[in-house]
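> how would this look folded up:
(chains A and B)
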Protein chains: 2
Amino acid sequence: MENSSCGGGPFGRVVRCLKAVPERSWGEVLEAASEAKKLGEDDPRRIVHSFKVGLALTLVSLFYYCRPLYDGFGVDAMWAVLTVIVVFEFSVGATLGKGINMMLATLLAVALAVGVHHISTLWGGEVGEPILIAFFVFVVAASVTFMRFFPALKARYDYGMLIFILTFCLVSVSGYRETQVLDMAHKRLSTIAIGSCTPIMVCICICPVWIGVDLHNLVAGNMEKLGDFMEGFGFEYFDIKENGLSLSDNQYFLQQYKSVLSSKSLEETMANLARWEPGHGGFKFGHPWQKYLNVGSQTRQCAYKIEALNTYLNTDIQVPTEIRSKIQEPCIDICTESGKALKELAAALKKMIRSSSADSHIACSKAAVESLKLSLKRGIWKDANLLETIPSAAVASLLIEVVACVEKIAEAVHELASVAHFKTEQPQLLQEPVLSEEFNVAITIDRNSQI
Amino acid sequence: MENSSCGGGPFGRVVRCLKAVPERSWGEVLEAASEAKKLGEDDPRRIVHSFKVGLALTLVSLFYYCRPLYDGFGVDAMWAVLTVIVVFEFSVGATLGKGINMMLATLLAVALAVGVHHISTLWGGEVGEPILIAFFVFVVAASVTFMRFFPALKARYDYGMLIFILTFCLVSVSGYRETQVLDMAHKRLSTIAIGSCTPIMVCICICPVWIGVDLHNLVAGNMEKLGDFMEGFGFEYFDIKENGLSLSDNQYFLQQYKSVLSSKSLEETMANLARWEPGHGGFKFGHPWQKYLNVGSQTRQCAYKIEALNTYLNTDIQVPTEIRSKIQEPCIDICTESGKALKELAAALKKMIRSSSADSHIACSKAAVESLKLSLKRGIWKDANLLETIPSAAVASLLIEVVACVEKIAEAVHELASVAHFKTEQPQLLQEPVLSEEFNVAITIDRNSQI
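Numbers count the residues shown, from 1 in each chain, chains lettered A, B, ... in the order given. Below you'll find the predicted structure:
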């Protein structure tokens, strides 16, 4: 309808249409701009990544501008451009994985294609050659496509298998028209190597994004989120206020754990990609990334319990305060101690140290569980309506289970710390207890500044 | 170490190494073969897919064998081969999405690249042209790479944006060396169109795999899994046996629900791809796929409760039978009725009908909840040790919540059924209650055979 108002001469129409656009979509443009700003602020590495891609592409397109390089490769140089674009990923792990897959697959596929070309020309003759080549293309494409369904191969070599089919088909099929198959194969290999190495170098040398570090922080951050919830839950459930203000007035902390529930596939992808990365920072090549999945899985088990606990925060059924208050003390202790334990575990993992500071909190929370059990045994709700006690009983039961979950998380973290050879926290303090007071203080300050 | 035994003349070495291989890896080969067989048996569409890819590639490589076609396109025909390989996906939705993305992105990128080439030659001169082109390549690559971070764009057009950068760079950069830019652009567009349409046609015409149908079945199947668990849980928890055999002796059914917990990302990907599919079977184009995500999310909420329930099956703390038995009757009713309700909902969704058969089961389960609450109010555990009653109280509380979840699932399914215009189940029976007895029986039999 609006378009019909853009009538008139061709020039007038363009002007009027241009005038009409801002009115209609000015808001959308502003919205997109603010979303872009938010994306950049949330993770400035995204902006850096965009510039890196632009740089790698400009570098590789030098091939076209330098006559000596162009004369060497000719139109084949476009393979280098193509490779840069498909190989360049956000993280070093993903880029390395794709680059290595690309190079290995091209090498294997070119070798096989040259062999097939040789056999076809030798045995096929004028008529038989295209038929033989078509047959081989069909067989290789179908069988490698089927191999892509193997989960173990798919996890690491899916991209390589795709490139294998691609290169095999291109080289063996174009071999039918071009006589210099070996020359073509050689050019293809060199351009792919250049195209793969450029993004890998740019990705590693300029502000590298290590997906291993991201996984490390994700797993630690998830534990921290659960810790935040547990610390807040006790005060929120028993409605404890200080000076009229809720002690956990930040509803934000009580919702953060939700992302943990569905983090499984993300963690698995990240662990798969992290295996490609070379040593960096405190992470050596061959860092036990699979152990992070174990910690993540235990954390998720705990998150499921917390999801069940969360129902009792938002339920309409109000339990009388006198029923709740009878289990308040041990429950608050369980919440704060297990919350602290989770946060200590997260902090130790983040700092990559073996720490036993969480163990004391776990011991405290277990003691609180025993005291909760004792007061339940004493029959504190004898006179109350059983129906009204049910939600509180369920909360008590879930809290007892959360403590068991936290213990399992701690085990998983300790196992990871031992397999990954994390440093023990300040062993010198344990071995040399005769240090002067000042030195001790200095170490403590130093440790605090690390946090 | 084993390699050193393969010494001797070159021929003897090869023979000995070949002999050594089977001993070492015969087991692995057999294992891979049995895994391949299992993959094929689990989903025979995988085998068909592999053959389809082989067929599409063989079809497209005809370009090289037919001289008239080859003379038209020359080496550009390899773009068609490349496109077939990267566009061909397992499902119609994914193939269509990639194909349409590929064609649209190529069209836009070629247009922009021709424009940029025109500007550079016009304004740049001998020296300025490569600098201008390099500048445009950098700007376009960096900005489109940043756009790939927008979640809304990433979900549907991620592949298109990659291809946009690729084509723009290739056309504008090679335009520097080749004079016939328009001719190149035209050839690129036609080969990409051929390369995109071939897999789309093969994918749709030969045993199409509709990802919409897969999503439909996944969501219904997930509800069924929860139904299986609920039906089995009651008998398992209260340890009910008939003739010495457990009524739910199939532990398999009690573990199936676990896959529901982490199905979120899979469902979202499938819904995104299903939107590309044309109408097929009972699904029209524009089928409300987003509503399936709503059903899936409610199902997952229920699965979290079930995960909490499952703990009480495998717990070491044994609750005395006399405590459990006091809530046995209403709990078993809740389990079986909500299980039946979930299965009825799943069956109705699978058959794409609006059915109210689940409502009666939900009503029954709600009645059982009321009776459970009544018996709890009567104080059935007055004399028992409170600590021993806690697990049973928690189970009762969770069962009450599961019923609320099932109600929400039913609402979501009914909403989906109304938005998707599912047929009402046998409206003629409701409108014409004067049908003869025989006719009624015939319809019932017919309906049963549909199940």
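
> centre of the chain to the top helix by length along chain A, how far?
Counting residues, the longest helix found in chain A (DSSP state H) is helix A:92-147. Computed by CA atoms, centre = their mean, to the nearest Å, the chain-centroid distance of helix A:92-147 equals 34 Å.

> again with stretch A:410-429
With CA atoms, centre = their mean as the basis, stretch A:410-429 stands 23 Å off its chain's centre.

> now it: mean pLDDT?
Stretch A:410-429 comes out with an average pLDDT of 82.

> stretch A:145-165 now?
Here the average pLDDT along stretch A:145-165 is 92.

> and chain B, is it touching that?
Yes: using CB under 8 Å from any CB of the partner chain, we find that stretch A:145-165 touches chain B at A:T145, A:F146, A:F149, A:F150, A:L162, A:I165. Where C-beta positions appear, they are placed from N, C-alpha and C, glycine not excepted.

> which of those sit farthest apart?
Greatest spatial distance among the residues of stretch A:145-165 next to chain B (CB to CB): A:F150 and A:I165, at 15.0 Å.

> more neighbours: those two, which one.
A:I165 (28 against 16; other CB atoms under 10 Å in any protein chain shown).

> secondary structure element for that one?
Per DSSP states H and E: A:I165 is located in helix A:151-174.

> angle of that helix against helix A:92-147?
80 degrees (axes from the mean of the first three to the mean of the last three CA atoms, to 10 degrees).

> and after helix A:151-174, which helix or strand comes next?
Sequence order places helix A:181-205 as the next helix or strand after helix A:151-174, per DSSP H and E.

> what about that following helix and chain B, any contact?
No: interface with chain B: helix A:181-205 contributes nothing (CB under 8 Å from any CB), its closest point being 10.2 Å away.

> buried residues, that helix. List them.
Applying a neighbour-count criterion of 16 or more other CB atoms under 10 Å in any protein chain shown, one finds A:181, A:184-185, A:187-200, A:202-204 buried in helix A:181-205.

> helices or strands up against the helix holding A:I165?
Judged by 3 or more CB pairs under 8 Å, 6 or more residues apart in numbering or on different chains; DSSP states H and E, helix A:151-174 is in contact with helix A:92-147, helix A:181-205, helix B:45-60, helix B:77-87.

> which parts of it are buried?
Of the residues in helix A:151-174, A:157-174 count as buried by neighbour count, 16+ other CB under 10 Å.

> now do stretch A:351-369
In stretch A:351-369, counting by 16+ other CB under 10 Å, buried: A:351-355, A:358, A:361-362, A:364-366, A:368-369.

> where does pLDDT dip in the stretch 1-150 of chain A?
Judged by pLDDT under 70, the stretch 1-150 of chain A has its weakly predicted residues at A:1-24, A:67-70, A:72-75.

> got the residues of it near chain B?
Looking at chain B, the residues of the stretch 1-150 of chain A close enough under CB under 8 Å from any CB are A:32, A:35-36, A:39-40, A:46-47, A:49-51, A:53-55, A:57-58, A:61, A:64-65, A:70, A:75, A:78, A:81-82, A:85-86, A:130, A:133-134, A:137-139, A:141-143, A:145-146, A:149-150.

> quick check on these: which are buried?
Neighbour-count burial (16+ other CB under 10 Å) is assigned, among the residues of the stretch 1-150 of chain A next to chain B, to A:36, A:39-40, A:46-47, A:49-51, A:53-55, A:57-58, A:61, A:64-65, A:70, A:78, A:81-82, A:85-86, A:130, A:133-134, A:137-138, A:141-142, A:145-146, A:149-150.

> in the stretch 351-451 of chain A, where is pLDDT below threshold?
In the predicted model of the stretch 351-451 of chain A, residues A:382-383, A:426-451 satisfy pLDDT under 70.

> let's see 90
Low-confidence segments of the stretch 351-451 of chain A, defined by pLDDT under 90, span residues A:354-358, A:372-398, A:401, A:421-451.

> ok, which stretches of it are strands?
A:353-354, A:423-424 (DSSP state E, counting those that start in this stretch).

> outside of stretch A:96-110, which residues touch it?
A:83, A:86-87, A:89, A:156-157, A:159-168, A:171, A:185, A:188-189, A:192-193, A:195-197, A:199-200, A:203, A:273, A:276-278 (CB atoms under 8 Å, 6 or more residues apart in numbering or on different chains).

> hang on, A:M270 packs against A:I211?
Yes: assessed by CB atoms under 8 Å, A:M270 is found in contact with A:I211 at 5.4 Å.

> what is in contact with the two at once?
Residues touching both A:M270 and A:I211 (CB under 8 Å, 6+ apart) are A:G93.

> more crowded one of those two?
Shown here are A:M270 and A:I211; by other CB under 10 Å, A:I211 has more neighbours (28 against 24).

> let me see the contact set for the more buried one.
Residues in contact with A:I211, defined by CB under 8 Å, 6+ apart, are A:S91, A:V92, A:G93, A:A94, A:M270, A:L273, A:A274, A:E277.

> can you give me the neighbour number for the second one?
Which is A:V92. Using other CB under 10 Å, A:V92 has 23 neighbouring residues.

> now do the first one
Taking other CB under 10 Å as the neighbour definition, A:S91 ends up with a count of 24.

> contact partners for it?
By CB under 8 Å, 6+ apart, the neighbours of A:S91 are A:V209, A:W210, A:I211, A:D214, A:L273.

> excluding its backbone neighbours, what's nearest the first one?
Meaning A:V209. Using CB to CB, 6 or more residues apart in numbering or on different chains and skipping the chain neighbours, the partner closest in space to A:V209 is A:S91 (4.7 Å).

> how close does the one you found get to chain B?
Separation of A:S91 from chain B (CB to the nearest CB, to the nearest Å) stands at 13 Å.

> what does that residue show for phi and psi?
Main-chain torsions, A:S91, degrees, to the nearest 10: phi -110, psi 160.

> what does A:Q256 give?
Dihedral angles for A:Q256 - degrees, to the nearest 10 - are phi -60, psi -30.
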